[in-house]
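A.B. asks: I'll drop the sequence and a predicted model, then ask my questions.
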Amino acid sequence: MGTSRPSRPVLLTASAAAGTLLFTALTPGGASADPRPAPRPVVRDGTPLDPPDKAARTPRAAAERALDGADVPLDTGAGRGYPRERRLDPEPPNPADKSIKLGLTPYHAIAPELNEIQRIGDRVSVEIAGRSAGGHELYLVTVTAPETAREAARQERMRRLIANAPKAAARNQAIKSSYKTPVFINNNIHGNEWEGTDAALKLIRKLAKAKDAGTRKLLTRNRLYFNVTMNPDGRIAGTRPNAGGFDLNRDFITASQPETRAVRRIAVTKQPAVMIDLHGYVNGTLIEPTTPPHGENYEYDLFLKNTYANALGMEKAVNGLGYTEAKDGVKPAVIPFRDQKEGWDDWPPIFTPQYMPFHGAVAAHTIEFPLQVNNAEYESQPVAELRRRAAVNVDIAGAAMRASIDFADRRGRSLIADQIEVFRRGAAGAAQVPVSKETVPGVPGIGPEDVYTTRFPRAYVIPAGGRQAQRSAAAASRLVDHLLANDVRVRRATRDFRLGGRAYAKGSYVVDMRQPKRGLANVILADGRDISAKVSAMYDISGWSLGRLWGASVTSVGKGDAARVPARRVHASTRVAYVAPRGDLRLRLDDPRAVAALNSLLGDGVAVRAAGTTGNTAAIVPGSARRLAREAAAEYDVAFHATRARGGEVLRRTRVAAAVTPGELFALREMGFDVTPVSTGVLNSGFDWGRTDVLFVSAGLDHRKLTGEAKARLDAFFARGGGLVGRGAEGAALNSAAGLLPVTAVEGNGDANGVVRVRDARGAGGFGFVYAPVWFTGLGDGVRVEESYGSGNPLVSGHWRPADGGRGGPADAAGQASVVSGSVRGSEVALFGTEPLFRAHPKGEYAQVARALFAAR
């Protein structure tokens, strides 16, 4: 067992069966112990928890709300104090709300409840933090002692000083004596994990009514923020994702959904020092901190010290409620850092508690209450039993909330000092402090397996000028705006400069890594790390570099004084939009915005031609459509340059039948394609192929389960020239069953994921993303290799090991075809072994799919 981690059980088995890690534990003394709760199944976009026949069928309106960018801004409260009461407009009663069966608060009853609570006294304020993809309001509640406008402004000045001038904040006596500790409690991020919302409402009401001196002092020293339900769409429908089909607790680094962007604004503007995120269901109650690997961009010594201490308090509070396994079915609480070896990690910044530390949360937790009431249990258990379980979960969630608030109240000055230190290290370029028993006293069992640090570069540059930079101008603009939305400081060069021994043009963007939120800047821009050798399997994705995957050119600079670069700080990227004043126009199809602009023009009936005979890498727009091109340039922020090229074939709006994941469906809609969601069931119901040009398959369409009539209709579609774009094992299986492209699809390790090196047909290098990677061998006549995995070890960052038996690893994929295409009996086919549309991560690959769809029609 070793002596470095006496409190953790020894892991005997960790097998990846159907995406679930299975654990067997021993006590330190070697006696058999009750198995600790296994982590939940890894949840991809819609699988494996959804029925196998289910492909994404989310409403177009949900994607439109997520993409329109018109998020509700948070009330800055300028010139106002607290409370800031607001009368909420309730939605009509909805008897179909899934909360009702559990005896919990339906969404339509939340607004009336909050209106009533606001009338109780002068402690509770409510604002609209945003709207969900389904159009429902998100309620952010602030509970604190009354503040005059002058005092509220003083609190805001202190918060800004902490975030922007941490060295000065560390010496500021007013912060030490009177700054209120911000605490954030996030509820119901997964719609069918309901109970946090009800616990929050009960606690808010109790705090509003309490007349004891302890509560008065508590609210004088703290501001408590409650996101009452982050996912009203799922709460109403009883689904894990929102109306757009997105798991919001996988969306934080990309922020593709309005609910996630709302919490991001809360993180930036409220700057909580402590936060908890309420979930279900793991028995006993799971309370983070987590197992390794730990995110390498955190100031983990400060984070672990506080998160572990708060976990102990929550554990005591939860166990102190008196529930037992024999009487109630409730096992004692579990702290993964202490009680498990691996499988519940905090490596990727896609989860709420793993994102919030970059904005100053020095104690952040996922809490999993114990008694399951969703999915099969919701349908099979008697109502009385469901309501008993839900009531227990509400009680446990409330105990975790109260313990966290008490922790923040007791240790507020220390927590704020640690928050300041996080930002100070970033601004000063100070080294991280590796965790050990000396640097984090009081936390048992710290070992070398817990040490994850990184070496931050001196700066990142997103270059302007040059052919590559021009090609990626739209991608660079999007990446810069994303950095700014995450409160990362970006400057734009006012003249040409040199940095780190390289010359850059005026207009290049510079991210100086000596800034308070350097960790978040690095999370977004860095390549990441290959952690395959560190642990046997991961809870979710392990690589995510937006610097590599979003299509922009990004340079890491190790040396030089970035502060001396002649540059101005920017608060928005420079617009790319341009239309040449004369001649025909050329639009590069290398970005999802460009594809959306093209689809808009095609929808308006413009006679657009492909720029060449192969690849569809650009489109030629006639000069007669200049007015429409100007409208498209303004809407999508893309450039139309003058060209003398006449172009090749006429492009037409492509109608896509898509059996895909929610993330892929969202990406197709983002690019403006005319998409009809389909599945095995839809095809068996008599789908009309007359309005379809291309079938895109990655999930939810099993050829073996099609009826004879459905197979005949599908065969007829291909016989008349209908195209196929397939992704992954399911797309390849459909291709094989239909007898189309002559290739053999080889499946890699199903748990593998990350950023990979690839090479296109010309030999040019690039980057892609994989999740359960596939490659193609046995290429028959006429098969074109569009892209291959890099040689050697193609994995740049992430987790990719060989599967059981030693096969399916990156060495087997090296040099193999990752994307293939060809024409078969008049049908154009393209197959992807990578994940070019995964959860808004590889935006730089979206256009590759778009070009395949245009070619396949």
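C.D. replies: Structure's in. What do you need? Numbering: from 1, shown residues only.
A.B. asks: can you give me the strands in the stretch 151-300 of the chain?
C.D. replies: 181-187, 222-227, 274-280, 286-287, 291-294 (DSSP state E, counting those that start in this stretch).
A.B. asks: And the stretch 301-450 of the chain, by the same measure?
C.D. replies: Under the criterion DSSP E, counting those that start in this stretch, the stretch 301-450 of the chain contains strands at 345-346, 363-369.
A.B. asks: need the strands of the stretch 151-300 of the chain in JSON lines with distance to Arg235 and mean pLDDT, can you?
C.D. replies: For every residue, glycine as well, the C-beta is placed using N, CA and C. Formatted as JSON lines, the strands of the stretch 151-300 of the chain follow (distance: least, Cβ to Cβ, whole Å; pLDDT from 0 to 100):
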{"stretch": "strand 181-187", "distance to Arg235": "10", "mean pLDDT": "98"}
{"stretch": "strand 222-227", "distance to Arg235": "12", "mean pLDDT": "98"}
{"stretch": "strand 274-280", "distance to Arg235": "12", "mean pLDDT": "98"}
{"stretch": "strand 286-287", "distance to Arg235": "21", "mean pLDDT": "98"}
{"stretch": "strand 291-294", "distance to Arg235": "30", "mean pLDDT": "97"}
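A.B. asks: what about those, which gets the closest to Val579?
C.D. replies: Val579 lies closest, by Cβ to Cβ, to one member of these: strand 222-227, at 42.4 Å.
A.B. asks: partners of that closest one, with directions?
C.D. replies: Within its sheet, strand 222-227 is paired with strand 137-143 (antiparallel), strand 181-187 (parallel), according to DSSP bridges.
A.B. asks: How many residues are close by the residue nearest to Pro182 when sequence neighbours are not counted?
C.D. replies: Here the nearest residue to Pro182 in space, its sequence neighbours aside, is Pro272; by Cβ to Cβ, 6 or more residues apart in numbering that works out to 4.4 Å. If you count neighbours by other Cβ atoms under 10 Å, Pro272 ends up with 27.
A.B. asks: And the one 5 residues further on, by the same measure?
C.D. replies: By other Cβ under 10 Å, 28 other residues sit near Asp277.
A.B. asks: do the same with Met230
C.D. replies: As a burial measure, Met230 scores 31 neighbours (other Cβ under 10 Å).
A.B. asks: Identify the residues contacting the closest residue to it other than its chain neighbours.
C.D. replies: Distances taken as Cβ to Cβ, 6+ apart put Ile189 closest to Met230, at 4.5 Å, once the chain neighbours are dropped. Applying Cβ atoms under 8 Å, 6 or more residues apart in numbering to Ile189 gives the contacts 230-231, 248-249, 259, 277, 279, 352.
A.B. asks: Adding distance to Val682, write those residues out as CSV.
C.D. replies: Shown next, in CSV, are these (distance: Cβ to Cβ, whole Å):
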residue, distance to Val682
Met230, 31
Asn231, 26
Leu248, 26
Asn249, 29
Glu259, 28
Asp277, 36
His279, 32
Thr352, 34
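A.B. asks: and which of the residues you listed is nearest Ala629?
C.D. replies: For these, the nearest to Ala629 is Glu259 (34.4 Å; Cβ to Cβ).
A.B. asks: quick one: pLDDT of the closest one?
C.D. replies: Looking at Glu259, its pLDDT stands at 98.
A.B. asks: Could you check the pLDDT of the residue most central in space within the chain?
C.D. replies: Nearest to the mean C-alpha position of the chain, counting by Cα atoms, centre = their mean, stands Asp251 at 1.8 Å. Asp251 carries a pLDDT value of 96.
A.B. asks: and what of Asn616?
C.D. replies: Note for Asn616: predicted pLDDT of 67.
A.B. asks: sorry, back to before: tell me the contacts of the residue nearest to Pro182?
C.D. replies: With the criterion set at Cβ under 8 Å, 6+ apart, Pro272 makes contact with 182-184, 225, 266, 356, 359-361.
A.B. asks: Could you rerun that using 6 Å?
C.D. replies: 182-184, 361 (Cβ atoms under 6 Å, 6 or more residues apart in numbering).
A.B. asks: same check, this time on Ala493
C.D. replies: When contacts are counted by Cβ under 6 Å, 6+ apart, Ala493 touches 506, 508, 567.
A.B. asks: Just list the residues touching the first one, thanks.
C.D. replies: Yep, that's Lys506 we're talking about. With Cβ under 6 Å, 6+ apart, Lys506 has these contacts: 493, 495-496.
A.B. asks: need those residues in TSV with distance to Gly815, can you?
C.D. replies: As requested, the contacts of Lys506 are exported to TSV (distance: Cβ to Cβ, whole Å):
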residue	distance to Gly815
Ala493	39
Arg495	44
Asp496	40
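A.B. asks: Relative to Val650, how far out is Gly603?
C.D. replies: 15 Å (Cβ to Cβ, to the nearest Å).
A.B. asks: With Asp345 instead?
C.D. replies: From Asp345 to Val650 the distance is 51 Å (Cβ to Cβ).
A.B. asks: Comparing these two, which residue is more hemmed in?
C.D. replies: Asp345 (25 against 11).
A.B. asks: ok, now which ones touch the more buried one?
C.D. replies: 290-291, 293, 539.
A.B. asks: Report the two of these separated the most.
C.D. replies: Pro293 and Tyr539 (10.2 Å).
A.B. asks: Stretch 619-626: which residues count as buried?
C.D. replies: 619-623, 625-626 (16 or more other Cβ atoms under 10 Å).
A.B. asks: Among those, name the ones in strands.
C.D. replies: Using DSSP state E, 619-621 are the members of the buried residues of stretch 619-626 that sit in strands.
A.B. asks: residue boundaries of the strands in the stretch 601-750 of the chain?
C.D. replies: According to DSSP E, counting those that start in this stretch, the strands that the stretch 601-750 of the chain contains are 609-610, 618-621, 639-643, 655-659, 674-677, 694-697, 723-727, 744-747.
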